[in-house]
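Trainee: got a predicted structure here, sequence first:
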Amino acid sequence: MTNVIKVEGLTKLYGNFPAVNDISFSVNEGEVFGILGPNGAGKTTTMEILEGLRSLSSGKVSVLGMDITRERHKIKHDIGIQLQASAYFEYLNLTEILKLFGSFYSHSVPPEQLLDRVGLLDRAKDTLGKLSGGQRQRFTIAATLVNSPRVVFLDEPTTGLDPQSRHNVWEIIREIHNEGRSVILTTHYMEEAEMLCHRVAIMDVGSIVALDKPKDLVFRLDLPYEVKVMADGHLDEDDLRTLGGVDDIRVDANCAWYLGTSDAELTMESVLSFSVSKGIRLTHLEVLQANLEDVFLAITGRHLRE
C-alpha cells in the first residue's frame, strides 16, 4: 500500500519543551487518518509540520514522496489545508474568496462547483459574516478543495458545531474520501474518530500512545464491554460479582450497575438467570461497548476532555 505521508522520529521543541516528541507513523493513500487527543497533546503542531507551515526540530517527514523541508513549495500544489474562518477576507463574498484562492494555482475548481458540493451555492454572494458556524466550517472545507488536492488536512473541523452541523461536515468528509483523496484530521471528539477514520493515532503530551484501527484499539482493552443493569429490587454487589464473566463492577448515582466483562453474552445470560432465581424484575439491561475514550483512559489514566 502506498504511503502519502511518512513520519519518522518527528520532534518539535520550543526551548527545551518537546511539543512533539519523537513520533513516527504513516498515512496510506485513500485513507482517512485521525490524530486524536486532548488540547495540548501536540495534534495541531504535528499537522502544521505536515502541512509545511511549521519547521521541525528533528526527524523526517515526507508528503507524496517529497521531503517537507526541502520540497515544501512543490508539495503545496497537491495538498489542501483547512484554514480557520478568521483567516479569510471579511469584505469579499464567498465566490470572490474562492476565485482569489484559485488564482494561486495553475489549476483550480470553479467556485460554483465548490459551493454546490458543500450546500452553499445559494450563499455565493454573501460574506462570511452572514453565515452560521456550521456554514462557515463547510465553506472552509470548500476552500480546502480549490486546487483539487490529493491530500486534505482538516484541523478539528467540527469544533464548536451543533450535532446536526457536525453530521453535515462528516458527510462532506466522507464524500472527499470517496473521491479517492487521503484525509488527515485532528479531533478531540472520540465519536468523530470512530465514525470517520480508518486508523487513529492517539496523542498525549506530545507522544503517540496508541495507533491502530478504532475497533482494534477498543478490543485490546481487558474489558471491552459493560453490561448495564437496573432493577426494581435491591441488587447486591457481592451477588453480582459471582455472575459469569464479570471482572469489574461500578455503580452510578442512579443505582445503575455496570458489569465489566470480556464476554458480554455470558454475562447477559447470567444476569437474566440471576434475576429469575431471585425474583427480581429488571428495568434495564443493555450491553455497552467500550470506545476510544475508554482506550485513552486505560492508557493515560485521564479522560480526553481533562
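Mentor: Structure's in. What do you need?
Trainee: just the CA trace of stretch 230-241, in CSV.
Mentor: C-alpha atoms of stretch 230-241 as CSV (Å, rounded to 0.1, in the frame of the first residue of the first chain):
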residue,chain,number,x,y,z
MET,A,230,-31.1,-1.7,36.7
ALA,A,231,-33.9,-3.3,38.7
ASP,A,232,-36.9,-2.6,40.9
GLY,A,233,-35.5,-4.7,43.7
HIS,A,234,-32.2,-4.4,45.6
LEU,A,235,-29.1,-5.6,43.8
ASP,A,236,-26.2,-6.8,46.0
GLU,A,237,-22.7,-6.2,44.8
ASP,A,238,-21.4,-9.5,46.2
ASP,A,239,-24.1,-11.4,44.3
LEU,A,240,-23.3,-9.5,41.0
ARG,A,241,-19.6,-10.4,41.3
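Trainee: next, the buried residues of it.
Mentor: 231, 235, 240 (16 or more other C-beta atoms under 10 Å). Every C-beta, even on glycine, is put in place using the N, C-alpha and C of the backbone.
Trainee: in the stretch 51-200 of the chain, which spans are strands?
Mentor: 58-63, 66-67, 79-81, 151-155, 182-187, 199-204 (DSSP state E, counting those that start in this stretch).
Trainee: next one: phi and psi at residue 271?
Mentor: Torsion angles at residue 271 (phi, psi; degrees, to the nearest 10) stand at phi -60, psi -40.
Trainee: okay, and the closest residue to it other than its chain neighbours sits in which element?
Mentor: Once flanking residues are discounted, residue 271 sits nearest to residue 229: 5.8 Å by C-beta to C-beta, 6 or more residues apart in numbering. In this structure, residue 229 is located in strand 225-231 according to DSSP states H and E.
Trainee: and the spatially most central residue of the chain, how far from residue 35?
Mentor: Centroid check for the chain by C-alpha atoms, centre = their mean gives residue 193 as the closest residue, at 3.3 Å. Residue 193 sits 9 Å away from residue 35 when distances are taken as C-beta to C-beta, to the nearest Å.
Trainee: which residues are in contact with each of these two?
Mentor: Contact criterion C-beta atoms under 8 Å, 6 or more residues apart in numbering; residues shared by residue 193 and residue 35: 187, 200.
Trainee: contacts only, for the residue lying closest to residue 49 once chain neighbours are set aside.
Mentor: Once flanking residues are discounted, residue 49 sits nearest to residue 56: 5.1 Å by C-beta to C-beta, 6+ apart. Residues in contact with residue 56 (C-beta under 8 Å, 6+ apart) are 10, 11, 12, 49, 68, 69.
Trainee: could I get those residues in TSV, plus columns for distance to residue 277, neighbour count and pLDDT?
Mentor: Formatted as TSV, the contacts of residue 56 follow (distance: C-beta to C-beta, whole Å; neighbours: other C-beta atoms under 10 Å; pLDDT from 0 to 100):
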residue	distance to residue 277	neighbour count	pLDDT
10	58	24	98
11	60	16	98
12	60	22	98
49	61	24	97
68	65	21	96
69	69	13	94
